[in-house]
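1. Structure for the following, please:
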Amino acid sequence: MTEPVEEAVGVVRNLRKLKSISRTGQSDVVLEFAWGTNMDQASLEVRDKMEALSLPLETKPPVLLRFNPSTEPIMRLALSPKQAPASDNDAIRQLTGLRRYADEDLKKKLEPVAGVAAVKVGGGLEDEIQVDIDQQKLAQLNLPIDNVITRLKEENVNISGGRLEEGSQRYLVRTVNQFADLDEIRNMLVTTQSSSGSAAEAAMQQMYAIAASTGSQAALAAAAEVQSTSSASSSSIAGGMPVRLKDVAEVRQGYKEREAIIRLGGKEAVELAIYKEGDANTVSTAAALRKRLEQLKATVPGDVEITTIEDQSHFIEHAISDVKKDAVIGGVLAILIIFLFLRDGWSTFVISLSLPVSIITTFFFMGQLGLSLNVMSLGGLALATGWWWTTRSWCWKALPRRASVA
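-> Residues are numbered from 1 along each chain as shown. Sure thing, here's the model as predicted:
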């Protein structure tokens, strides 16, 4: 299925790179376009190619997704145990503790950082209360499983009840009725069986009538035994007694089904993916996160190690540093060339002094307009600096001629 898709979309205009990932039941084809491509037009072309493609009947309709770099996390952290687990139970305890610490503590302390939109936790073992219902017991009580599910939902609620205003005071009202522990779940009342024994009693009377009419002592003994067993069963679970969840199900502490396993250095770990707000600066947000992590070092459990596995701000900082370094080298070379061209130290000094004044003025207006300092803006400044040197040199060279003519 992958090859026909590649052949169909491989002829789209401005396509720079095409790669595919094939796995059982799924094929992912990634298209990379040249810079400046109209992505709306490219999406339409790709969609047209896919609609004209003949795929097997059992294949689901393809989904076209546009990748946005801003949707990628700016930083990824990994929580891992400092010591390897001694046993399987120890490994479960470590992964459960790491996940619980990431969800309940570290995530809540990182999300308030300026510029952070969300922190998503992955990996480890996530706590889950599991209720295993015994279908045979439900059948004996003639109790539908939907009734049990409904009762669980009704007994575990936390919903808003609106607002209450009293004078200048305003109160938020909530309806809170949540389970506190496993025993409270086990003892939850599911239903009350008050008349389930009537049918059994009618059956017993019929058996006694048949036995009496035939005069069979064996039949009378069998009817008495059945009645005794039925009475004991009814009195224990149904005969006017409440039916609790523990009577029809097993409630235990478990873990959610794992969607991903994250490893760091060969050991399982828990990942925190940190996303920034749409208009936040990546470098400043990452710097604030690093500062916050430094402050949290004292509160991190002694057996937990926090590792930064990805930080997009490093790439941006390196790129900006390279642009700055190239700008300084280019400025020094330009000054030397102007000095060799003009053969005048004063003229070279005046031209060189006006350059930083122009750049500082540019930074001032960029700040007023809310423009950030990034690779594109620095590249534009470097390009404008080259033009600036050329025009300034020719203007300064032409001044004496204009003065002599005047």
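
2. shaky segments in the stretch 151-300 of the chain?
-> Within the stretch 151-300 of the chain, the set of residues satisfying pLDDT under 70 comprises 194-240.

3. helix, strand or coil for the residue nearest the centre of the chain?
-> With distances taken as Cα atoms, centre = their mean, residue 120 lies nearest the centre of the chain, 3.9 Å away. Look at residue 120: counting by DSSP: H, G, I helix; E, B strand; the rest coil, its state is strand.

4. can you give me the strands for the protein?
-> If DSSP state E is used as the criterion, the strands of the chain fall at 15-23, 26-33, 75-81, 116-123, 127-133, 157-166, 169-177, 189-193, 241-244, 249-255, 262-264, 267-276, 304-311.

5. Could you export those strands to a markdown table, including columns for distance to residue 103?
-> The C-beta positions use only the backbone N, C-alpha and C, and glycine is treated the same way. Converted to a markdown table, those look like this (distance: least, Cβ to Cβ, whole Å):
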| stretch | distance to residue 103 |
| --- | --- |
| strand 15-23 | 29 |
| strand 26-33 | 29 |
| strand 75-81 | 11 |
| strand 116-123 | 5 |
| strand 127-133 | 9 |
| strand 157-166 | 17 |
| strand 169-177 | 21 |
| strand 189-193 | 31 |
| strand 241-244 | 31 |
| strand 249-255 | 13 |
| strand 262-264 | 15 |
| strand 267-276 | 9 |
| strand 304-311 | 14 |
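
6. So for residue 47, which of these sits nearest?
-> Each of those was checked against residue 47 via Cβ to Cβ, and the shortest separation belongs to strand 26-33, namely 11.9 Å.

7. between the strands of the chain, which gets nearest to residue 149?
-> In terms of Cβ to Cβ, the element of the strands of the chain nearest to residue 149 is strand 127-133, at 8.9 Å.

8. and that closest one, which strands flank it?
-> Sheet pairing of strand 127-133 (DSSP bridges) gives strand 249-255 (antiparallel).

9. now the helices: where do they sit in the stretch 1-150 of the chain?
-> 2-9, 39-51, 88-101, 107-110, 135-140, 145-155 (DSSP state H, counting those that start in this stretch).

10. okay if I get those helices as JSON lines plus distance to residue 366 and mean neighbour count?
-> Written out in JSON lines, the entries for the helices of the stretch 1-150 of the chain read as follows (distance: least, Cβ to Cβ, whole Å; neighbours: other Cβ atoms under 10 Å):
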{"stretch": "helix 2-9", "distance to residue 366": "40", "mean neighbour count": "15"}
{"stretch": "helix 39-51", "distance to residue 366": "27", "mean neighbour count": "14"}
{"stretch": "helix 88-101", "distance to residue 366": "42", "mean neighbour count": "17"}
{"stretch": "helix 107-110", "distance to residue 366": "30", "mean neighbour count": "16"}
{"stretch": "helix 135-140", "distance to residue 366": "69", "mean neighbour count": "12"}
{"stretch": "helix 145-155", "distance to residue 366": "55", "mean neighbour count": "13"}
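
11. Could you export the ones you listed as TSV, including distance to residue 356?
-> Compiled in TSV, the helices of the stretch 1-150 of the chain are given as follows (distance: least, Cβ to Cβ, whole Å):
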stretch	distance to residue 356
helix 2-9	50
helix 39-51	39
helix 88-101	50
helix 107-110	39
helix 135-140	81
helix 145-155	68
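
12. Among the ones you listed, which comes closest to residue 303?
-> Residue 303 sits nearest to helix 88-101 of all the helices of the stretch 1-150 of the chain, at 8.0 Å, using Cβ to Cβ.

13. counting contacts, what elements does the closest one pack onto?
-> For helix 88-101, the elements it packs on are strand 75-81, strand 116-123, strand 127-133, strand 267-276, judged by 3 or more Cβ pairs under 8 Å, 6 or more residues apart in numbering; DSSP states H and E.

14. on that earlier part again, please report how far the residue nearest to the residue nearest to the centre of the chain when sequence neighbours are not counted lies from residue 116.
-> Spatially, and ignoring its direct neighbours in sequence, residue 120 is nearest to residue 273 (4.7 Å; Cβ to Cβ, 6 or more residues apart in numbering). Computed with Cβ to Cβ, to the nearest Å, the distance linking residue 273 and residue 116 is 11 Å.

15. more crowded one of the two?
-> Neighbours were counted for residue 273 and for residue 116 using other Cβ atoms under 10 Å; residue 116 has more, 21 against 16.

16. The more buried one contacts residue 284, correct?
-> No - the pair residue 116 and residue 284 fails to qualify as a contact (Cβ atoms under 8 Å) at a distance of 11.2 Å.

17. for the stretch 201-350 of the chain, what spans make up the helices?
-> Per DSSP H, counting those that start in this stretch, the stretch 201-350 of the chain carries helices over the ranges 217-233, 245-248, 282-296, 312-342, 345-369.

18. Now mean neighbour count and distance to residue 27 too, for those, in JSON lines please.
-> Supplementary listing: the helices of the stretch 201-350 of the chain in JSON lines, determined by neighbours: other Cβ atoms under 10 Å; distance: least, Cβ to Cβ, whole Å:
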{"stretch": "helix 217-233", "mean neighbour count": "13", "distance to residue 27": "57"}
{"stretch": "helix 245-248", "mean neighbour count": "19", "distance to residue 27": "45"}
{"stretch": "helix 282-296", "mean neighbour count": "17", "distance to residue 27": "32"}
{"stretch": "helix 312-342", "mean neighbour count": "14", "distance to residue 27": "29"}
{"stretch": "helix 345-369", "mean neighbour count": "12", "distance to residue 27": "45"}
